[in-house]
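Engineer: got a predicted structure plus its sequence, pasted below:
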Amino acid sequence: MTHPLRLGVNIDHVATIRNARGGDHPDPVRAAFVAAEAGADGITAHLREDRRHIIDADIERLSSGLTIPLNLEMAATEEMLAIALRHTPHAACLVPEKREERTTEGGLDAAGGHNHLAPIVAELANANIRVSLFIEPDPAQVEAAIRLGAPVVEFHTGRYANLSGEEQTEELRRIADAAALAAKNGIEPHAGHGLTFDNVQPIAAIPQLAELNIGHFLVGEAIFTGFEESVKRMRELMDLAR
Ligand code: PXP
């Protein structure tokens, strides 16, 4: 079965629970296989500088064992670039990273960071890794992604997820407009962060979006229904919205 809107399942927080006790359970790689069986089109994992959830050995095992594409989320640093070039994941999503943040707060400043990002985008692209930039749904950031030659952008939906009412509708419009602008310029738009069963459908209905990356909610919901069921339900809601 082919899905018009791909679901990338982020397994970071399976690793968060594992790391709380320092052992090897629950195994995020096992979760990746369950997600694939349940209808995920790809697996996303963020190897952070402080290794607070995913660790290098997870990336190693995902790289050698997965049968669906791996999207490596990474900061634009020399260390992460070397790791990406060693494992050559299907895709790499460049994200801003601050050591003290609880999660990825805000998008990458692709406009202000052009000179730093350009060689990293080029090196990843030369290694046949599909580069994505995690940006705010802002036309200036889309223009910057065009200048950088990124084939993909992922719009940060965190603000949308935290708003309600008219403000949320306005943010949804910004995401839809940014997705249309990206697509018009040959960039494949993705979206993610803070998506849940309750808020995913208006995002999934944006016709230009090709992929959603979702993690925290799916892992949390798995406590009540199991991981397979939570991924399946998200897949179903996304398909119904199209
Ligand atoms: N996309 C990117 C680039 C992210 O950094 C994250 C969070 O790690 C997600 C998607 C998934 O967000 P959430 O875990 O809130 O679903």
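Structural biologist: Thanks, I have the structure now.
Engineer: need the contact list for M74.
Structural biologist: Listed by Cβ atoms under 8 Å, 6 or more residues apart in numbering, the contact set of M74 reads 46-47, 80-81, 83-84, 92-95. To be clear about C-beta, it is placed using only N, CA and C from the backbone, and glycine gets the same treatment.
Engineer: which of those are close to the ligand?
Structural biologist: Filtering the contacts of M74 for neighbours of the ligand using Cβ under 6 Å from any ligand atom leaves 46, 93, 95.
Engineer: show me where the protein has its helices.
Structural biologist: In the chain, the helices defined using DSSP state H lie at 12-21, 28-38, 56-65, 78-87, 114-126, 139-148, 158-162, 165-184, 200-204, 216-225, 227-241.
Engineer: excluding its backbone neighbours, what's nearest the residue positioned nearest the centre of the chain?
Structural biologist: With distances taken as Cα atoms, centre = their mean, N213 lies nearest the centre of the chain, 4.2 Å away. Closest residue to N213 apart from its sequence neighbours, by Cβ to Cβ, 6 or more residues apart in numbering: G192 at 3.5 Å.
Engineer: quick one, what contacts that neighbour?
Structural biologist: So G192 contacts 8, 10, 44, 154-157, 212-214 (Cβ under 8 Å, 6+ apart).
Engineer: give me that answer again for 10 Å
Structural biologist: G192 is in contact with 8, 10, 44, 71, 73, 93, 104, 134, 154-158, 161, 203, 209, 211-215, counting by Cβ atoms under 10 Å, 6 or more residues apart in numbering.
Engineer: Produce a ChimeraX select command limited to the buried residues of these.
Structural biologist: Only the buried entries of the contacts of G192 go into this ChimeraX selection, using 16 or more other Cβ atoms under 10 Å:
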select :8,10,44,71,73,93,104,134,154,155,156,157,158,161,203,209,211,212,213,214,215
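Engineer: rewinding a little: which residues does the residue nearest to N213 bridge with?
Structural biologist: G192 has these beta-bridge partners by DSSP bridges: H156, N213.
Engineer: against L148, how distant is it?
Structural biologist: G192 sits 20 Å away from L148, going by Cβ to Cβ, to the nearest Å.
Engineer: alright, I will stop here.
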